[in-house]
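Colleague: Fold the stuff below for me.
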Amino acid sequence: MTTLRTICTHLRKNDKKMTSLRQWGNYIGNAGATALADALKKNTTLTSLSFLDNGIGDGGGLALAHALKTNTTLKTLSLSGNNIGDIGAKAFAEMLKTNTALTSLGFNYNKITDEGAQALSDALKTNTTLRELVLWGNTVVSTGNDRIYTDSLL
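Modeller: Reported below is the predicted structural model:
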């Protein structure tokens, strides 16, 4: 957690050298994701964030989604290989209804089902900036995939 504290400190200070951050396999969990979310609320320099295989579940997903409602600089977010399920997906769907910065969002290998995919699909109806949504490796079956594809064409 010491490394994460240092990272969050730099994010809060808007360190201009920190525009991209990748942390894989550090198992920060929901507590670490919540600390990261608090730092993202104040950050105006980070444009790309990748936290793969970090044990982030719905609680951490909720915190991150809430932070991104007001963050206007993050363009790319990858949370692949975590434990985010439908509750987290729905929180990100709500965030996407107002966020105008994010262009790429990756959730591969999480725990999202058709329910979460449908919420994300609904958000795509109003979000005009997201260009990439990655959901492979979840338990989204054809109805969820078809819904996202159809809604993204509207």
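Colleague: which SS state does the residue nearest the centre of the chain fall under?
Modeller: By CA atoms, centre = their mean, the chain has its centre lying nearest to L77, at 5.2 Å. What DSSP: H, G, I helix; E, B strand; the rest coil gives for L77 is strand.
Colleague: Name whatever forms a beta bridge with it.
Modeller: Note on L77: beta-bridge partners L49, L105, judged by DSSP bridges.
Colleague: got a list of what it touches?
Modeller: S48, L49, S50, L64, L68, L102, S104, L105, G106 (CB atoms under 8 Å, 6 or more residues apart in numbering). (Each C-beta comes from the backbone N, C-alpha and C, glycine too.)
Colleague: gap between the last one and K17?
Modeller: Separation of G106 from K17 (CB to CB, to the nearest Å) stands at 24 Å.
Colleague: Mind checking which of the two has more residues around it?
Modeller: G106 (19 against 6; other CB atoms under 10 Å).
Colleague: Might one say that the more buried one is in contact with L130?
Modeller: No: the pair G106 / L130 is not scored as a contact, 11.3 Å apart, by CB atoms under 8 Å.
Colleague: Output the below-cut-off pLDDT ranges for this structure.
Modeller: 1-2, 142-154 (pLDDT under 70).
Colleague: residue boundaries of the helices in it?
Modeller: 2-12, 29-42, 58-68, 86-96, 114-124, 142-153 (DSSP state H).
Colleague: Buried residues in the first one, which are they?
Modeller: To tie it back to what came earlier, the one meant is helix 2-12. For helix 2-12, a neighbour-count test (16 or more other CB atoms under 10 Å) marks L4, I7, C8, H10, L11 as buried.
Colleague: show me the contacts for G106.
Modeller: Applying CB under 8 Å, 6+ apart, the residues near G106 are L77, S78, L79, S80, E132, L133, V134.
Colleague: What's the local residue count around the third one?
Modeller: Summarising burial for L79: neighbours were counted as other CB under 10 Å, giving 27.
Colleague: Ok, A117 next?
Modeller: Counted with other CB under 10 Å, A117 comes out at 26.
Colleague: In this structure it contacts V140, no?
Modeller: Yes: assessed by CB under 8 Å, A117 is found in contact with V140 at 4.5 Å.
Colleague: from the buried residues of helix 2-12, which is closest to L96?
Modeller: Nearest to L96 among the buried residues of helix 2-12, counting by CB to CB, is L11 at 21.7 Å.
Colleague: Give me the distance between the closest residue to that closest one other than its chain neighbours and T72.
Modeller: Closest residue to L11 apart from its sequence neighbours, by CB to CB, 6 or more residues apart in numbering: A39 at 3.9 Å. Remark: distance between A39 and T72 (CB to CB) = 15 Å.
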